[in-house]
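[1] Here is my input, please return the structure:
(chains A, B, C and D)
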Protein chains: 2
Amino acid sequence: MGRVTLADVARRAGVSLASTSRALNGQVASAATVERVRRAADELGYIPDASARSLRLRRTGQLAFAVADIGNPVYVEMMREIESVVAAEGYRLVVSRTGDADATLDLVRDLNQGYVDGLILSPLRVTPALVEALEQTTVPTVVVGRLPEGARVDTVLADSEGGVALAVDHLIRTGARRIAFLNGPVDTTPGRFRQLGFREATADRTEVVTGEFHAEDFTIDAGYAAARVMLAADEWDAVIAVNDLVGIGILHAAHERGIAVPDELAVIGIDNTTLADVCHPGLTSVDLGAARRGHKAARLILARMEDGDLPPRAVRVAPSLHERGSTAALAGAARPGGPAAVPGSRRVR
Amino acid sequence: MGRVTLADVARRAGVSLASTSRALNGQVASAATVERVRRAADELGYIPDASARSLRLRRTGQLAFAVADIGNPVYVEMMREIESVVAAEGYRLVVSRTGDADATLDLVRDLNQGYVDGLILSPLRVTPALVEALEQTTVPTVVVGRLPEGARVDTVLADSEGGVALAVDHLIRTGARRIAFLNGPVDTTPGRFRQLGFREATADRTEVVTGEFHAEDFTIDAGYAAARVMLAADEWDAVIAVNDLVGIGILHAAHERGIAVPDELAVIGIDNTTLADVCHPGLTSVDLGAARRGHKAARLILARMEDGDLPPRAVRVAPSLHERGSTAALAGAARPGGPAAVPGSRRVR
DNA sequence: CTGAAAGCGCTAACAC
DNA sequence: GTGTTAGCGCTTTCAG
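    The predicted model follows:
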């Protein structure tokens, strides 16, 4: 027995192909026809063919989510949320690696093959060619991350500047005066805007001495390597890491040098991933709302697919600081639960 | 300007549809034709339609990877490896949540819609209905995890029993005599076989006192909750956790009670995820080879799609123990790097 | 409410 | 080497 097609069902039900299709898809059809067709389909074990439907309907029921590295927990969190939203609307999720800038470009261009109905893209690096490709593509797309002013593409934005400002303020309030920023590659969107945030937030704080360092990648290992250099060069009261992974690299390097965290060095990460809760001490971290960004991105793409003529939208997600053991408590503010506390964070803002 | 189809290219190149298709797909065609068609395609910006090709070719170029919860880092690791292998062969990866047993069954049945060319499935619970559905489906499938004896399905297996034995042996060699196993739900594949492994490994060790406990889920929170109960009830020298997440929950509970790890309580996790390296103390963990299982699964599905008549295969991946700070060092074996060491693990076996 | 027929875009026989 | 044609399985006009 080969594949059961709609024609088989039609034959068995003794009605036409058209009526069979209509009956199965809830279009106009007499109750009797629907009944007969349903029965025939059941008896035959009919399952509609996805490719044929896609070709005819010009829709696949699939959405793509593309990121540089799904190994970063922050993207996993985003993906979970996206999957959960779009699955509820009957869409499957295809995951892709964006790889380098060229690969990202290819990915966007390939979109026109129509293997998905929409794309949620979180590019690490945004080139003019990419923006152009995004504007040209006929497949609805939403970008999680910043695009140049005026780009006609739906975006969902983290408030990097605001988030870093939260971190800077917190450190200054807890007494830090020499504050370093350990960035990742600065030619990336997160690298660029988190750095900008650091500069803005410290610009008029004349009481503060600042420094900037760079990890070669947004990973624990790269963060550790860069932190060794940083800690060997100067003394700092506090470091803000471009993300939690780099923050954990700093924790390792500090531990290795015998520098006590938070007493001798406060550390703040960004992204507020599970890792921040698991490491020791717990990593105070700025939550840039990965899950919420995923949620918004999913909603945006769904809306865009619904109506392609909507004007481009930019949705913003607010940051919040989650205080853990890697930063000193504010004077008068008891550390929750005391020294033997179960890890957990205190939401500051 | 609407979609550019192959017919448009053919018209512009001044050759037939068939020749155009052949020229573009590297079939027999004169150099001149290829040249003209290529040019026409370029000029028109032709991009083949994925749905039409799928319908005609009876293949989608997509593979599905289905797991219960992509939030668990061990699945992320597996997915990364799978994605990297299949992407190199030109396949896209669709991720699905398996949800409960019914949802898993639906997923497998829906496979026959033909929206993917193959499925890699890692089910938490295996029911007879699922096995039957897997055997019936015409879409190549490989299961990561244990299936009942005789199931005619390709599988890749972790050696749970061997892995747990590694943990038990290590603990006994480092002097533990009262050893608990903190399992997850026992009606799951990992729960069942890791428990079996624990029982087998401790069966003829008359010098050892054992106990078994259960977390309600394979998560940090559930592990923590169960560990509180466990630690309140009795005194243990060591605990083996069903996975790293539960292991970290134990670390938290121990910390909360003021129990020193590893001096008063040794803890071993399973899966050897990034988390094991990040938590404090580092979690000694049994690596069940998630990345290698992902790799093998990808290879298996590729081979199966190549030749559907192959007899079902079962590929095994060997476990290894990675020693970190949560277990005492063997007498005479210096802890690598001393107390201020950079986190890292020592592969014992 | 139902049926006949066209056609989505592509590839693969088959004849030349 | 090339063109003609059928057809993958489905939905949707358009008549009746």
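[2] Please count neighbours and contacts with C-alpha atoms only from this point.
    Noted.
[3] give me the number of residues near the residue of the stretch 101-250 of chain A found nearest chain B?
    Nearest residue of the stretch 101-250 of chain A to chain B, counting by Cα to the nearest Cα: A:Gln113, 4.7 Å away. Counted by other Cα atoms under 10 Å in any protein chain shown, the residues lying close to A:Gln113 total 17.
[4] repeat for A:Gly45
    Neighbour number of A:Gly45 under other Cα under 10 Å is 13.
[5] roughly how far apart are it and A:Thr5?
    With the distance defined as Cα to Cα, to the nearest Å, A:Gly45 ends up 10 Å from A:Thr5.
[6] Then A:Ala318?
    51 Å.
[7] quick one on the thing from earlier: would you agree the residue of the stretch 101-250 of chain A closest to chain B is in contact with B:Gly45?
    No - between A:Gln113 and B:Gly45 there is no contact under Cα atoms under 8 Å: 11.6 Å.
[8] Can you tell me the SS state at A:Gly197?
    helix (DSSP: H, G, I helix; E, B strand; the rest coil).
[9] Can you name the residue of the stretch 101-250 of chain A nearest DNA strand C?
    The stretch 101-250 of chain A approaches DNA strand C most closely through A:Gln113 (8.1 Å), counting by Cα to the nearest atom of the strand.
[10] for A:Asp117, what are its contacts?
    A:Asp117 makes contact with A:Arg59, A:Thr60, A:Gly61, A:Gln62, A:Leu63, A:Val139, A:Pro140, A:Met305 under the criterion Cα atoms under 8 Å, 6 or more residues apart in numbering or on different chains.
[11] again but with A:Thr210, I slipped
    Here A:Thr210 is in contact with A:Arg178, A:Ile179, A:Ala180, A:Phe181, A:Thr202 (Cα under 8 Å, 6+ apart).
[12] ok, so of the residues you listed, who is nearest B:Leu288?
    The closest of the contacts of A:Thr210 to B:Leu288 turns out to be A:Phe181 (Cα to Cα; 37.8 Å).
[13] part of a helix, is the closest one?
    No - judged by three-state DSSP, A:Phe181 forms no part of a helix; its state is strand.
[14] Now do it against A:Leu171, distance only.
    With Cα to Cα as the criterion, A:Phe181 and A:Leu171 are 12 Å apart.
[15] Next: A:Arg56.
    59 Å.
[16] Which one's more surrounded, these two?
    A:Leu171 (25 against 12).
[17] ok now do the more buried one, which residues does it touch?
    A:Leu171 makes contacts with A:Ala238, A:Ala266, A:Thr327, as judged by Cα under 8 Å, 6+ apart.
[18] Model confidence at it, what's the number?
    pLDDT recorded at A:Leu171 is 97.
[19] Now the nearest residue to A:Leu196 once chain neighbours are set aside: which helix or strand?
    Distances taken as Cα to Cα, 6 or more residues apart in numbering or on different chains put A:Glu161 closest to A:Leu196, at 6.6 Å, once the chain neighbours are dropped. Here A:Glu161 sits within helix A:160-173, counting by DSSP states H and E.
[20] now could you export just the CA positions of that helix as PDB?
    Presented in PDB, the C-alpha positions along helix A:160-173 are these (Å, rounded to 0.1, in the frame of the first residue of the first chain):
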ATOM      1  CA  SER A 160      21.300  47.900  26.100                       C
ATOM      2  CA  GLU A 161      22.200  51.400  27.100                       C
ATOM      3  CA  GLY A 162      19.500  51.400  29.800                       C
ATOM      4  CA  GLY A 163      20.600  48.000  31.000                       C
ATOM      5  CA  VAL A 164      24.300  48.900  31.300                       C
ATOM      6  CA  ALA A 165      23.300  52.100  33.100                       C
ATOM      7  CA  LEU A 166      21.400  50.000  35.600                       C
ATOM      8  CA  ALA A 167      24.600  48.100  36.200                       C
ATOM      9  CA  VAL A 168      26.800  51.300  36.500                       C
ATOM     10  CA  ASP A 169      24.400  52.900  38.900                       C
ATOM     11  CA  HIS A 170      24.200  49.900  41.100                       C
ATOM     12  CA  LEU A 171      28.000  49.600  41.300                       C
ATOM     13  CA  ILE A 172      28.400  53.300  42.100                       C
ATOM     14  CA  ARG A 173      25.800  53.100  44.800                       C
END
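[21] who in chain A is up against DNA strand D?
    Contact residues (Cα under 7 Å from any atom of the strand) of chain A with DNA strand D: A:3-7, A:17-19, A:21-22, A:25, A:47-50, A:52-53, A:55-57.
[22] could you pick out which of the residues you listed are near chain B?
    Filtering the residues of chain A next to DNA strand D for neighbours of chain B using Cα under 8 Å from any Cα of the partner chain leaves A:Ile47, A:Pro48, A:Asp49, A:Ala50, A:Ala52, A:Leu55.
[23] which ones are touching the third one?
    Shown here is A:Asp49, whose contacts under the criterion Cα under 8 Å, 6+ apart are A:Thr5, B:Asn112, B:Gln113, B:Gly114, B:Tyr115.
[24] Which helix or strand contains A:Asp106?
    Using DSSP H and E, A:Asp106 sits within helix A:101-110.
[25] and the one helix or strand A:Ile82 maps to, which residues are buried?
    Assigned by DSSP H and E, A:Ile82 belongs to helix A:73-88. Using 16 or more other Cα atoms under 10 Å in any protein chain shown as the burial criterion, the residues of helix A:73-88 that qualify are A:73-87.
[26] Over to stretch A:17-37?
    A:Leu17, A:Ser19, A:Thr20, A:Ser21, A:Arg22, A:Ala23, A:Leu24, A:Ala29, A:Thr33, A:Val34, A:Arg36, A:Val37.
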